[in-house]
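**Q** I'd like to go over a predicted model; first the sequence, then the structure.
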Amino acid sequence: LVFLLFSLLFIKPVQAGYQSAYNSVPSVNDDWYNTLTKINTQGDKNAVINSWWDFGHWFKAVANRPVTFDGAAQTGHGAYWIGKALITNGEKNTIGILRMLNCGQNKAFETLETVWNDTPRSIDTLNYIVTLSDNGARETLRSQGLTSEQVDEVLRFTHCNAPTDYFITSEDMIGKAGVWGHFGSWDFNRAVMYQTTKTMNHDEAITFLTTRFNLSTGDAEQYVSEIQTTPADNWISPWPSYVSGMSECQTRGKLAQCNVGTQQGTVPVSIDLENGTAMIPGPQNQILYPVSLVYATKEGIVEKRFNGTTIGFSVILVPSGETYTALFADSRHAASTFTKLFFFEGHGMKCFSNFDRVRSFTGGKITTWTVDYDCNQQNKVFFLPVEKVMAAHILVGMDKRSEEEARALIEAIASNITTKNFASYAEKYSDDPGSRMRGGDLGEFGKGVMVKEFEEVAFSLEKGGISKPFRTPVGYHIIYVKERTED
């Protein structure tokens, strides 16, 4: 009896635990495993993987490649550098940071700190020189008083012949954007202000800020007041995030109407696709604007900033088939490297090539990019010419004959078919009632219209080409491509 009563105490906890386990979605799933396995089996053996730190141990275990940043290596300035690489809107800043990390982790910073003992100056200098050529970086460091030996030591960790870099952007990083955006936006000058003046008396703090940072007395007074009343994490750097999910837009001519869902409700945005203007209706017929609109052109990604009354965040407009989807984001994220790689799929970027892209069963996307340190890529994703073919076909079905009989008939037709007699053979032998009496003519069609097997063969043929017999679920076909066009 005691045992029975004791067991009953555990029924509800066990049931609750089972229910939680049953309803949970594992962070490591087949798609992540396949993504990392592809790096392991098909990737450069000497490559380094970079992304936000959370999954660093998986990267090492499954992809069998080193990482620059994981849960056990959050030392130095790793969170800042990876966060900066993601949130910067300068593509060359991103790849320069990645090269520096792959050359020597945080050693370039440590070298400059040994010389200057001035963290903001060291960080600002590195953010600048990583975007320059070796010679440009060398001249910059010399102009700041470093010796030849010191310059060589810094460049050894910023401009080495870096290993291949795989840079991963994934769906989970959207929800973590406030964190990596926070570290990537870290203001080292404000950090010095906060750490130094926090324990000073009022007059000492004012003198320090006006002398060291050349602030006016009024600004110094405001900073001292904020520092005394604001937690360091909130004063030194913001927590920028993506404000909404993706919402579909309705397109009418040159106007896109997007009703974007947020936690506070739905916000309507009208976007003029021709001149890149975004407007949001405000109270009393007032017109409001986002901080900026980020959108794709044929050449790449453009950010247009607005004056007037703004709503405090930016609109990201992404092409989606014949229409668009939109989302809201903190302006720091709007034209960031992460936004361009993840939401715009690298469109127009010069320094990244796609290595792998998968969409998981939960709908999340995982994209692996290979860094091109020379920036010679041509990524064109949107507004591509629409390929179409004008074709005819002959179908030999299997409703009234065996597969062996169908295959024998289609091969006999193929041995005699030409462009001149194709129509007559179609009228005589084709089992497609819709095209048979038109000589097998299917008219013009683009991709995504026919079944996969049929489409692949049709678009592999040049104008005037006749395919070999091939099978689809409905039978055996021969295709004749009369014309190819691009819109």
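**A** Sure, I can see it. Residues are numbered from 1 along each chain as shown.

**Q** give me the low-pLDDT residue ranges for the stretch 251-400 of the chain?
**A** Residue ranges of the stretch 251-400 of the chain with pLDDT under 70: 361-363.

**Q** Break down it into its strands, ranges please.
**A** 255-262, 265-272, 277-281, 287-288, 292-296, 301-305, 314-320, 323-329, 352-359, 365-371, 387-397 (DSSP state E, counting those that start in this stretch).

**Q** Out of those strands, which gets nearest to Ala137?
**A** Closest of the strands of the stretch 251-400 of the chain to Ala137 is strand 365-371, at 18.1 Å (criterion: Cβ to Cβ). The C-beta positions use only the backbone N, C-alpha and C, and glycine is treated the same way.

**Q** these two touch, right, Pro163 and Lys45?
**A** No - using Cβ atoms under 8 Å, Pro163 makes no contact with Lys45, being 9.7 Å away.

**Q** So which of the strands of the stretch 251-400 of the chain is the most surrounded?
**A** Ranked by mean neighbour count, these are led by strand 292-296 with a mean of 24 (mean count of other Cβ atoms under 10 Å).

**Q** which one is the most centrally placed residue in the chain nearest to, not counting chain neighbours?
**A** Nearest residue to the geometric centre of the chain (Cα atoms, centre = their mean): Phe342, 1.4 Å. Leaving aside its sequence neighbours, Phe342 sits nearest to Thr169 (Cβ to Cβ, 6 or more residues apart in numbering; 4.4 Å).

**Q** strands paired with the strand or helix carrying that neighbour, and their directions?
**A** Element membership for Thr169, per DSSP states H and E: strand 165-170. Sheet pairing here is set by DSSP bridges, and for strand 165-170 it gives strand 48-50 (parallel), strand 365-371 (antiparallel).

**Q** what helices or strands is the helix or strand following that strand leaning on?
**A** Beyond strand 165-170 on the C-terminal side, the first helix or strand identified by DSSP H and E is helix 172-175. For helix 172-175, the elements it packs on are helix 337-342, judged by 3 or more Cβ pairs under 8 Å, 6 or more residues apart in numbering; DSSP states H and E.

**Q** ok, back up a step: I'd like to know how far the residue nearest to Phe342 sits from Lys482.
**A** Distance of Thr169 to Lys482, given as Cβ to Cβ, to the nearest Å: 43 Å.

**Q** Counting neighbours, go ahead and name the busier of those two.
**A** Thr169 (25 against 17; other Cβ atoms under 10 Å).

**Q** Report the separation between the more buried one and Cys375.
**A** 18 Å.

**Q** Contact partners for Gly282?
**A** Neighbouring residues of Gly282 by Cβ atoms under 8 Å, 6 or more residues apart in numbering: Leu288, Thr309.

**Q** Can you list phi and psi of it for me?
**A** Dihedral pair for Gly282: phi -110, psi -180, per degrees, to the nearest 10.

**Q** Please shift the residue numbers so they start at 264 in all later answers.
**A** Sounds good: first residue 264 from here, last item Gly545.

**Q** For it, give its distance to Arg328.
**A** For Gly545, the distance to Arg328 (Cβ to Cβ) stands at 51 Å.

**Q** Ok, Thr525 next?
**A** For Thr525 relative to Arg328 (Cβ to Cβ), the value is 39 Å.

**Q** Same list (the strands of the stretch 514-663 of the chain) but as a markdown table, adding distance to Asp317.
**A** Shown next, in a markdown table, are those (distance: least, Cβ to Cβ, whole Å):
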| stretch | distance to Asp317 |
| --- | --- |
| strand 518-525 | 26 |
| strand 528-535 | 31 |
| strand 540-544 | 33 |
| strand 550-551 | 36 |
| strand 555-559 | 26 |
| strand 564-568 | 26 |
| strand 577-583 | 23 |
| strand 586-592 | 21 |
| strand 615-622 | 18 |
| strand 628-634 | 13 |
| strand 650-660 | 40 |
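
**Q** which element is Gly481 on?
**A** helix 480-492.

**Q** Name all residues that make contact with Asn617.
**A** Asn617 neighbours (Cβ under 8 Å, 6+ apart): Glu608, Gly609, Thr630, Thr631, Trp632, Thr633, Asn642.

**Q** what does Thr514 give?
**A** By Cβ under 8 Å, 6+ apart, the residues touching Thr514 are Gln520, Leu536, Glu585, Thr586, Tyr587.

**Q** try it again with 10 Å
**A** The contact partners of Thr514, taken as Cβ atoms under 10 Å, 6 or more residues apart in numbering, are Gln520, Cys521, Ile534, Leu536, Ser583, Glu585, Thr586, Tyr587.

**Q** wait, isn't the fourth one in contact with Cys521?
**A** No - Leu536 is beyond contact range of Cys521, at 11.3 Å (criterion: Cβ atoms under 10 Å).

**Q** so what sits against both of the two?
**A** In contact with both Leu536 and Cys521: Cys512, Thr514, Leu580, Tyr587, using Cβ under 10 Å, 6+ apart.

**Q** what about the residue nearest to Phe605, distance to Met612?
**A** Taking Cβ to Cβ as the measure, Thr432 falls 12 Å from Met612.

**Q** Need the overlap of contacts for those two.
**A** In terms of Cβ under 10 Å, 6+ apart, Thr432 and Met612 are both contacted by the residues Thr600, Lys603, Leu604, Trp632.

**Q** neighbours around the first one, how many?
**A** Close neighbours of Thr600, defined as other Cβ under 10 Å, add up to 28.

**Q** need the contact list for it.
**A** Counting by Cβ under 10 Å, 6+ apart, Thr600 makes contact with 347-354, 356-358, 360, 430, 432, 447, 609, 612, 614-615, 632.

**Q** swap the cut-off to 8 Å and go again
**A** Thr600 neighbours (Cβ under 8 Å, 6+ apart): Ala348, Leu349, Ile350, Thr351, Asn352, Gly353, Glu354, Thr357.

**Q** Please report how far the fourth one lies from Leu518.
**A** When Cβ to Cβ is applied, the distance between Thr351 and Leu518 equals 32 Å.

**Q** what do you get for the last one?
**A** Between Thr357 and Leu518 the distance is 34 Å, computed by Cβ to Cβ.

**Q** again, but for Lys613
**A** 31 Å.

**Q** ditto for Asp381
**A** Applying Cβ to Cβ to Asp381 and Leu518 gives a distance of 52 Å.

**Q** Name the nearest of the contacts of Thr600 relative to Gly728.
**A** Using Cβ to Cβ, Glu354 is the member of those that lies nearest Gly728, at 40.6 Å.

**Q** Settle this for me: the closest one is touching Gly611, isn't it.
**A** No - look at Glu354 against Gly611 with Cβ under 8 Å: they stay out of range, at 9.4 Å.

**Q** which residues are in contact with both of these two?
**A** Lys603.

**Q** before we move on, back to that, pretty sure the residue nearest to the centre of the chain is in contact with Thr630, am I right?
**A** Yes - between Phe605 and Thr630 there is a contact under Cβ under 8 Å: 6.6 Å.

**Q** With distance to Ser687 as added columns, please give the strands paired with strand 428-433 in TSV.
**A** Formatted as TSV, those follow (distance: least, Cβ to Cβ, whole Å):
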stretch	distance to Ser687
strand 311-313	60
strand 628-634	50
